[in-house]
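1. Compute the structure for the input listed below.
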Amino acid sequence: MTMDTEGRDIEYRTGSDRISGYLASPNDGKDHPGVIVIHEIFGLDPYTRSVADRMASEGYVALAPDLFSSRKLSEVITKDGIAATMEFIMSIPPAKQRDEGYREKLLNSMDDDKRKVIMDTYNTLLKNRPVDLLTEYLSSGIDYLHTLENVNGKIGSVGFCFGGGMSINLGCTGKVDATAIYYGENPEPLDKLKNVKNAVIGFYAGEDKRITSKVPELVSKLFEYNKEVSVKIYPGTYHAFFNSTRPSIYNRRASDDSWKLLMAFYKEIFNQ
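-> You can find the predicted model right below:
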């Protein structure tokens, strides 16, 4: 049975900076585990907010940070830049999403100003991603959740695409009780996985070769460090199959099945 929820925009401190975000909570007056919901590379959008709402309806206090809202990153990653990059990425057919040559050809067909905006955003988020800084922002989000009266002290994370990679990087801080990855990149170096506190679950697309081909390395290293891990790969699906706002990629069967497994994972870890 799903719960009534309430959501609101919030802001929390991280070092000398601040992060904006969206907080969704069960509206029942009880304590619940917290979950960090980490957006795709497009930033905190209505879709990610809807995932946080859905998480809250399942009995979790869900915090979806806007990782690009800090003063430091907002100078480089603008809303217009994200929008242009999102439009560009979504214009690429699913089978070509990871084809660097195809992507470069499309970029070269654009006017100089638009190409520069997209490339600046793309380079910051994909080629020179400030993983340590972003992980610090997420870690501060956990600290924020711990200050809330309706959070019982247990914390999980889930992230999608860019956010999937950030979810496992957050898990490597040892501050997360249950780490979930949706088609995210492995942490670098893999030795960081020795700090994972508890269990990891991952969901991957069969046609997302660049990401999914690296899953055996993740599982092997977690096994080496005696960490609990479970992984499911959905044949015939593409990167971002969970995102229902992208009809060319969305796969309802894989989305529904992975959500069911994710909820069972959290319930087991959190003793819900």
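
2. Could you say which helix or strand holds the closest residue to residue 69 other than its chain neighbours?
-> Counting by C-beta to C-beta, 6 or more residues apart in numbering, residue 69 lies nearest to residue 20, which is 4.1 Å off, once chain neighbours are set aside. In this view, the C-beta of every residue, glycine as well, is placed from N, C-alpha and C. Using DSSP states H and E, residue 20 falls within strand 17-26.

3. next helix or strand past that strand?
-> Where DSSP H and E defines the elements, the next helix or strand beyond strand 17-26 is strand 32-38.

4. got the CA positions of the helix or strand following that next one in PDB?
-> Per DSSP H and E, the first helix or strand lying C-terminal to strand 32-38 is helix 46-57. This file holds the C-alpha atoms of helix 46-57, laid out as PDB (Å, rounded to 0.1, in the frame of the first residue of the first chain):
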ATOM      1  CA  PRO A  46      10.500  17.000 -12.900                       C
ATOM      2  CA  TYR A  47      11.200  13.300 -13.700                       C
ATOM      3  CA  THR A  48      13.700  13.000 -10.800                       C
ATOM      4  CA  ARG A  49      11.300  14.800  -8.500                       C
ATOM      5  CA  SER A  50       8.600  12.200  -9.500                       C
ATOM      6  CA  VAL A  51      11.000   9.400  -8.600                       C
ATOM      7  CA  ALA A  52      11.500  11.000  -5.100                       C
ATOM      8  CA  ASP A  53       7.800  11.200  -4.700                       C
ATOM      9  CA  ARG A  54       7.400   7.600  -5.700                       C
ATOM     10  CA  MET A  55      10.100   6.700  -3.200                       C
ATOM     11  CA  ALA A  56       8.300   8.600  -0.400                       C
ATOM     12  CA  SER A  57       5.000   6.800  -1.300                       C
END
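
5. mind listing what's buried in helix 46-57?
-> Residues 47, 48, 49, 50, 51, 52, 53, 54, 55, 56, 57 are the ones in helix 46-57 that count as buried (16 or more other C-beta atoms under 10 Å).

6. Same question for stretch 40-47.
-> For stretch 40-47, burial by neighbour count (16+ other C-beta under 10 Å) applies to 40, 41, 42, 43, 44, 45, 47.

7. got CSV for those residues, with distance to residue 122 and pLDDT too?
-> Below are these laid out as CSV (distance: C-beta to C-beta, whole Å; pLDDT from 0 to 100):
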residue, distance to residue 122, pLDDT
40, 14, 94
41, 9, 87
42, 12, 84
43, 14, 90
44, 18, 95
45, 17, 94
47, 20, 97
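
8. Save these as TSV, and put in distance to residue 227 too.
-> Listed next are the buried residues of stretch 40-47 as TSV, based on distance: C-beta to C-beta, whole Å:
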residue	distance to residue 227
40	26
41	27
42	30
43	30
44	29
45	32
47	30
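
9. check contacts around residue 109.
-> With contact set as C-beta atoms under 8 Å, 6 or more residues apart in numbering, residue 109 has no partners.

10. Return the distance of stretch 153-162 from the chain's centre.
-> Relative to its chain's centre, stretch 153-162 lies at 7 Å (C-alpha atoms, centre = their mean, to the nearest Å).

11. just use 191 as the starting number from now, easier for me
-> Let's use 191 as the start, then, which means that last one is stretch 343-352.

12. Only the C-alpha atoms, please, for that stretch, written as CSV.
-> Output of stretch 343-352 as CSV, limited to C-alpha atoms (Å, rounded to 0.1, in the frame of the first residue of the first chain):
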residue,chain,number,x,y,z
GLY,A,343,19.2,6.9,10.9
LYS,A,344,19.3,4.4,8.1
ILE,A,345,20.2,5.7,4.7
GLY,A,346,20.1,4.3,1.1
SER,A,347,21.0,5.8,-2.2
VAL,A,348,19.8,5.3,-5.8
GLY,A,349,21.1,7.0,-8.9
PHE,A,350,20.4,6.9,-12.6
CYS,A,351,23.0,7.1,-15.4
PHE,A,352,25.4,9.8,-14.2
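
13. Go through it and flag the buried ones.
-> 344, 345, 346, 347, 348, 349, 350, 351, 352.

14. Quick check: mean pLDDT of the longest helix belonging to the chain?
-> The residue-count maximum for a helix in the chain (DSSP state H) belongs to helix 442-460. Averaging pLDDT along helix 442-460 yields 97.
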